[in-house]
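Trainee: predicted coordinates and the sequence they were generated for:
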Amino acid sequence: MEPGTLSTFLKRGAIWGFIVVELLFFSIAGEYLSLSNKAFMDLDNMLLLFKQSAPIGIIAIGMTIIMVNGNIDLSVGATFALSAIVLLNSMTWPVFAGLGDGVIPIAWALALVTGILLGALNGLIVWKTGVDAFIVTLGSMLGYRGLVFMYNGEQPTSHLNWTLVDFAEAQFMGLHTATWFLLVVTAVIWFVMNRTVHGRNAYAIGDNRTAAINAGIRVGPHMMINFMIIGFLASLSAVVFYSESGSVNPNDGELYELWVITAVVLGGTKLTGGAGSVLSTLGGVLAIQLLRKGLGHIGADTETVNLVIGLILIAVLFLDRQLNLKGREALRI
Amino acid sequence: ESMKIGITQNNVGVDSYQTTYEKAFIAASDANSNVEAVVLDAGGDVARQIAQMEDLIQQEVDAIIIWPTNGEAVIPAVRKAHKAGIPVIVTNSNIAEQGFDFVKSFSGPDNITQGSRSAEIMCDKFKDMGIENEAKIVQISGQPGYTTAIERAKGFEDRLPEVCPNVTLVETQPGDWNREKSQKVMEAFLVKYDDIDGVYSGDDNMGVGALNAAKAAGREGIIFVGATNFSVGYEAMERGEYWGSIYQSPVDDAEAALKTAIDVLSGTEVPFLNYFDTPKITQDNMAEYSKPVF
Amino acid sequence: MRPFNLSGIGGFLAKQGILVAFALFIIGFTIANERFLAPDNIMGVVRSSAILGVMALGVTFVVISGNLDLSVGSMMSFATIVVLDLHDQIGPALAIPSMYAMVLCLGAFIGFLVGYLKLNSLIVTLGMLSAIHGLTLTYSGGKNMDIADKEGTWFSMFGQSDALGIPIPILLFALVASVLGIVLAKTPFGRKVYAVGGNGTAATFSGIQRARVVFTCYLMSAFCVATAGLIQASRSLGSQNTVGQGLELEVLAAVILGGASLLGGSGTIFKTVIGVLILGFIQNGLLLVGLQFYVQYVVTWIIIILAVWLDVAAKRGKLWSPIA
Amino acid sequence: MSSQTPALRLEGIVKTFPGVRALDNVSFDVMPGEVHALMGENGAGKSTLMKVLGGIYQPDEGRIVVNEQPVVMTSPLQAKSKGIMFIHQELSLAEELSVAENIYLGELPKKSFGRVDWQKLYSETNEILGRLKVGFDAKTKVGDLSIANQQMVEIARALTVEAKAVIFDEPTASLTDAEKVVLFDVIGDLKTHGVGIIYISHRMEEIFRITDRISVLRDGQYRGTLETPETDEEEVTQLMIGRKLDLSRNVSHHELGDVALEVRGLECGKLFHNVSFSVCRGEVVGFYGLVGAGRTEIAETLFGLRDPTAGQILLDGQETTIHSPADAIEKGISLVPEDRKGQGLVLGMNCRDNMTLPQVNDLKAGPFVAEGAEIAIFDQYRDRLDIRTPGWKQLVGNLSGGNQQKIVIGKWLSMHPNILIVDEPTRGIDVGSKSEIHNLIRELASQGYAVIVISSEMPEVLHVSDRIIAMFNGEIIRTFTSDEVTEDNLIQAISGIIPEKVA
Ligand SMILES: Nc1ncnc2c1ncn2[C@@H]1O[C@H](COP(=O)(O)OP(=O)(O)OP(=O)(O)O)[C@@H](O)[C@H]1O
Ligand SMILES: Nc1ncnc2c1ncn2[C@@H]1O[C@H](COP(=O)(O)OP(=O)(O)OP(=O)(O)O)[C@@H](O)[C@H]1O
Ligand SMILES: O[C@@H]1[C@@H](O)[C@H](O)OC[C@H]1O
Ligand SMILES: [Mg+2]
Ligand SMILES: [Mg+2]
């Protein structure tokens, strides 16, 4: 084997290896610690794993593009909440009163458009002002959250539509609706990133922005499209989740950005851009949800959950660094 | 044979009421050899709570106790348990009415009554002071969207004009069950209003935050009334700084929830709204109550 | 091809965008509510900004050195809970230094990871945000921490007393700001912080030990967090475990508003203080005018974007970005 | 050929950067099927001229004419669409992407729904790679290739479209001989297809081997065009540097002191090996070689920035280990790094602070930095090096390139080192200042400093050095005294031709 191949393999496969370790650990530990007669790796439980990964997962897939592109988006949690409000509230608007359940697709569309617009606004500011995406979206994280609160004060926005709930809770070929959305999003974005010119250009821009510019790639529009995609996905995530739950608190989605970034980084996407894979992000998302589920399964308490998740994040970063160390002859700067 | 009872709590660690509740719940279930408990915490995140409901259903527990993060958002998840034939007991803070069909019982305080009692405590005190016709008050409510918060505010706001029609409630802001946030809110109230005679807070943790703000600003003579008498509230009452509250114990709360679940499982009849009593406590009668442990 | 002309009044305004925005706010709010400029109100704003402010001072060092610190909020909760607990266990005189020592250890750990191991600071401090929260909950058992004897402790002086008619939190903020301001502006260490953040490679080529500088910045940040925790604890003599939650982003916003670049190498303590005060006054002013706190979010968003945009535009000499 | 219309023409191009007039009224044309060399010293403006042509820079004045049609090149993409391909001097690749994606960067073949046509991409790429006779295929990740192969990927870009003109900016700088042969075949091939080629290189033998005409730039000005068959190296050099190479100028010989630095069998991984040399006080030793020859890496190792894998370093006869730049500074070594923006300066810091950065720990009044002492140091070197700046408060980033370079030099001179290493000391510096710096280097040596000068400019090395060490591919090929060195034997040495064979 060529030198480096093993570490490349480890790097690429690390997240799936980690998932296997988790599955083994929780299955074995579960035998002793869990009350449940059901095994951790029970089929239903694994199906739930996917479903429960959907809210964070759908956004994380979008964050992968953004980070591959060399940017970051901290405003996704607020976009998630605002889209949820539009979804639930628009169903009660008098204009749509006569439509019955026909209002559902309209509400969905309005919510998704909200996400796209918020993403576009971020993208446009990043593109036109040249202010770093971190700052732009740190700002809009506050600003969009402000809009969320302005919509309905500090009160939750609710509308329970049972048709919608039934749809969201349905299982098709064993998989839950949310799972289908997660899988389809993963597939589509995988396709976009790996098969389309836009996706390949996004990699090139994140990898070497100057080279991309020299090669005539229009960096600005690509970045803007990616921000629109993540806006869309943040609202899609909201649409899927709130169709089922029917009520949104104004601070819902807070800290989502952090979990999303965590999942993406766990999946091996570089913070500096240019490298990353949608499938590994899915791995990262599953790994986190497994960790939560598993810790619950074996009865770990709140404090342990926080501690373990934080330290694992750092440990993965450390591992990544060790796998990427250059030889002795490297410049020490 | 033993019963497996799962609980998903709202947000353990956010304040000591919730932490004490968790400890008490575990202690009570440990004490009962017929009960095995799975204790989960949603960390305030509704998505996580729904996932925990699903996990409990999947693990085929015999009953589920839920302390909702959002009284409406969890209804479909509760329905799911109902459909799976698992009885659901809501604890501490009720879910919205639409979901009543899917739960066996609500176990907790009667928060509307709590709110009215707080209004009465405040009004009586104003009458003692002779300011019942001019007093101006502000309200710091609990976490928005939380049924407990909404009900306490409603109980208070409905009852106050009945007993003290001339007292004006000038403004309400949420304090999110958070002492530091209420302190900030109160600071702003103090700047905004020269004349504040009373403060009603959704719980004492917030009330003490407001009290701290008033003390720091040197504003004296304000009547503080809260709910859920925390130990900090009790101490402030001992010092004569805080007038009154509602005595509500997380231990009672937890034990009542567990008992309700056990009753439901063993076929004992339980009322749908299974309230435990939460009496008034003021500086006048506080000697009758022991200091809260939380 | 020369940078666009920044001389003259317009240029001055562009350069001092922050101060101008600040002045406009003050004028606007004063018109809207005459109480705004009342000495009591000003004192109140500064006092309640002190906690955020002290934290922002430390983060300024971290940001100038080219890194981030998202862990300050949860570290502040930790500091508050620990010092309150130890107060009753071993008395305030020992509690304070012990708390500082523990918080400095956390700072050293982060400094080691970011400085010596060169791990990405965003992710490291994000991880620590969660881990320290877990640590705090473990420490306190999740309970609120309250001092038993609230009347009889001198510990309350850091948050509640006055000296020379000025609240101690303000004095502490001013003291730490002056000391750190001088360290940053006048000492070799401060110079190195700018160099490391401005161009880490060039700093290394100049014989500066970059890892050590970054490490020290995190220690300073931890020191400031400990001080903020001290004020917080002393002010309310009791606390929830989540007292500092979310402060990390407010702190960062204040530092950026003050004009420090996230890329490192620029910013000053004075400007951070201005950034802190702007946030404090916006919050207070909007409340006085009767607007909700969340309007402040929107306003802060707009101000941050405009301020940073102005800054990068002045640097590149063009308003709009050259990206095609 | 003269009856034909040029493939493209540049007329009266002017391009300025803050503080530099990089191109001053330059005109230039290329005929179809012609290889036209563009020559000039470092910083003469060759790359800038090509970037103007390639749509990367907008000229301040002048126009570009393609096929007798004036065009405005607004972007690289537009240049491409006009049939102008640009192979950059610096590698411009996305390392995480495949060879194919890099070659077709910015114009991946499309199918419906914006899909990449991979089949087409790979087959076309592999066809091009076949013509280039390289040992890797379309799917290889560029980051896994050697620098030379990465350069071949750059070159492959020239073959992706039916180009009218292809610009090669120093394409051979890091190619081995075998690859060069392939490259020249490719150029010949393009030529027969009527493509106009602009070829930039500092290597005379290549110029005379493959070009038809030679145009020369000097300090941003057009100096003239020569027909390659009718001229010789001397004439070209004369045109390039404005005078004949005067090898005898370095006459100010002075007494050499003790050996200050000695290096024995030094090695650092694959970067360089078996490097042995010594420098005496009062001596200037020049290091000459091509990019990648390993000179900079030797300097970095001496400055504590790299761990040597073998060999010894002796300072004043004492064997020593240098752990870090801080340690090197302590031991009296100064390094003026080759990349002033990346390594030498903190651009957002003022002039004074940059200059005193390495000694800021020592310039103290109590706990504070002694600003007075700093200003004194700055003033001294500003006068000595004639640094043009409104004052010490000016940010270094606002200075012209040459003045920036002088700040870096001043920064290290003010440390009063025993050993001064300067790497490409006059990059981007105008002719006047250049000779100032050369004089300064000589003067420092005469004061007893041991000086190492690394430079890619032959005249510079010839001018300042007492001895010249020629490097090729990480090895010292030969050491010349100033008496034995000639342009020819130096060029041969840095191309890896062992002296015995030519002797
Ligand atoms: N982006 C820029 N900003 C400022 N000055 C620049 C810039 N690019 C080039 N210059 C300056 O313009 C002049 C010409 O540079 P150019 O790169 O064209 O030289 P060159 O002839 O290609 O040299 P070499 O042989 O080293 O490649 C130099 O003085 C350089 O410092
Ligand atoms: N073919 C190449 N193309 C572009 N950059 C290269 C190439 N080869 C090396 N480099 C980079 O250029 C810099 C100089 O190369 P290096 O230090 O290896 O050699 P050197 O002998 O010092 O050459 P020089 O000083 O002439 O650039 C290094 O940063 C190196 O990574
Ligand atoms: O303090 C609160 C208590 O009053 C309520 O009953 O439940 C939630 C708690 O946080
Ligand atoms: Mg060039
Ligand atoms: Mg070099």
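Mentor: Sure thing, it's come through. Numbers count the residues shown, from 1 in each chain, chains lettered A, B, ... in the order given. Ligands and ions are numbered 1, 2, ... in the order given.

Trainee: and the helices in chain C?
Mentor: Ranges of helices in chain C, per DSSP state H, are C:8-15, C:17-32, C:39-64, C:72-90, C:92-111, C:121-140, C:157-160, C:168-186, C:188-198, C:200-205, C:210-236, C:247-257, C:269-289, C:293-316.

Trainee: those: which one's closest to A:Trp162?
Mentor: Closest of the helices of chain C to A:Trp162 is helix C:293-316, at 31.7 Å (criterion: C-beta to C-beta). Any C-beta I mention is one placed from the backbone N, CA and C, and that applies to glycine too.

Trainee: quick one: is the closest one near ligand 1?
Mentor: No - judged by C-beta under 6 Å from any ligand atom, helix C:293-316 stays clear of ligand 1, getting no closer than 12.6 Å.

Trainee: convert the C-alpha atoms of that helix to CSV, please.
Mentor: Provided in CSV are the C-alpha atoms of helix C:293-316 (Å, rounded to 0.1, in the frame of the first residue of the first chain):
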residue,chain,number,x,y,z
PHE,C,293,-35.6,43.7,22.9
TYR,C,294,-35.9,41.8,19.6
VAL,C,295,-36.0,45.0,17.6
GLN,C,296,-32.5,45.4,19.0
TYR,C,297,-31.5,42.2,17.2
VAL,C,298,-32.5,43.6,13.9
VAL,C,299,-30.9,47.0,14.6
THR,C,300,-27.7,45.2,15.7
TRP,C,301,-27.7,43.2,12.5
ILE,C,302,-27.9,46.3,10.3
ILE,C,303,-25.3,48.1,12.3
ILE,C,304,-22.8,45.2,12.2
ILE,C,305,-23.1,44.7,8.5
LEU,C,306,-22.8,48.5,7.8
ALA,C,307,-19.9,49.0,10.1
VAL,C,308,-17.9,46.0,8.8
TRP,C,309,-18.7,46.8,5.2
LEU,C,310,-17.5,50.4,5.7
ASP,C,311,-14.3,49.0,7.2
VAL,C,312,-13.5,46.6,4.4
ALA,C,313,-14.5,49.1,1.7
ALA,C,314,-12.1,51.7,3.2
LYS,C,315,-9.4,49.1,3.1
ARG,C,316,-9.8,48.0,-0.4
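
Trainee: which other helices and strands does it contact?
Mentor: Secondary-structure packing of helix C:293-316 (3 or more C-beta pairs under 8 Å, 6 or more residues apart in numbering or on different chains; DSSP states H and E): helix A:103-129, helix A:133-152, helix C:8-15, helix C:17-32, helix C:247-257, helix C:269-289.

Trainee: next, the buried residues of the last one.
Mentor: What that stands for is helix C:269-289. For helix C:269-289, burial by neighbour count (16 or more other C-beta atoms under 10 Å in any protein chain shown) applies to C:269, C:271-288.

Trainee: got it, and the first one?
Mentor: Within helix A:103-129, the residues that count as buried by 16+ other C-beta under 10 Å are A:103-104, A:107-108, A:110-112, A:114-127, A:129.

Trainee: again with the fifth one
Mentor: Residues C:247-248, C:250-257 are the ones in helix C:247-257 that count as buried (16+ other C-beta under 10 Å).

Trainee: chain center to that helix: distance?
Mentor: 6 Å (C-alpha atoms, centre = their mean, to the nearest Å).

Trainee: do any residues in that helix lie close to chain A?
Mentor: Yes - using C-beta under 8 Å from any C-beta of the partner chain, helix C:247-257 comes into contact with chain A via C:249, C:252-253, C:256.

Trainee: all helices for the stretch 1-150 of chain D, in order.
Mentor: In the stretch 1-150 of chain D, the segments counted as helices under DSSP state H, counting those that start in this stretch are D:46-53, D:76-81, D:99-103, D:118-131, D:147-156.

Trainee: so which of those is the most packed in?
Mentor: Across the helices of the stretch 1-150 of chain D, averaging neighbours per residue (mean count of other C-beta atoms under 10 Å in any protein chain shown) puts helix D:99-103 on top, at a mean of 27.

Trainee: quick one: is it near chain A?
Mentor: Yes - applying C-beta under 8 Å from any C-beta, one finds helix D:99-103 touching chain A at D:Glu101.

Trainee: could you give the average pLDDT over that helix?
Mentor: Helix D:99-103 carries an average pLDDT of 96.

Trainee: now do stretch C:85-103
Mentor: In this model, stretch C:85-103 has a mean pLDDT of 97.

Trainee: so what's the residue in the stretch 201-333 of chain A positioned nearest to chain D up against?
Mentor: Closest to chain D within the stretch 201-333 of chain A is A:Gly216: 2.8 Å, counting by C-beta to the nearest C-beta. Applying C-beta atoms under 8 Å, 6 or more residues apart in numbering or on different chains to A:Gly216 gives the contacts D:75-80, D:106-107.

Trainee: need the pLDDT of the residue nearest to B:Gln143 when sequence neighbours are not counted.
Mentor: Leaving aside its sequence neighbours, B:Gln143 sits nearest to B:Asp176 (C-beta to C-beta, 6 or more residues apart in numbering or on different chains; 4.8 Å). What the model reports as pLDDT for B:Asp176 is 87.
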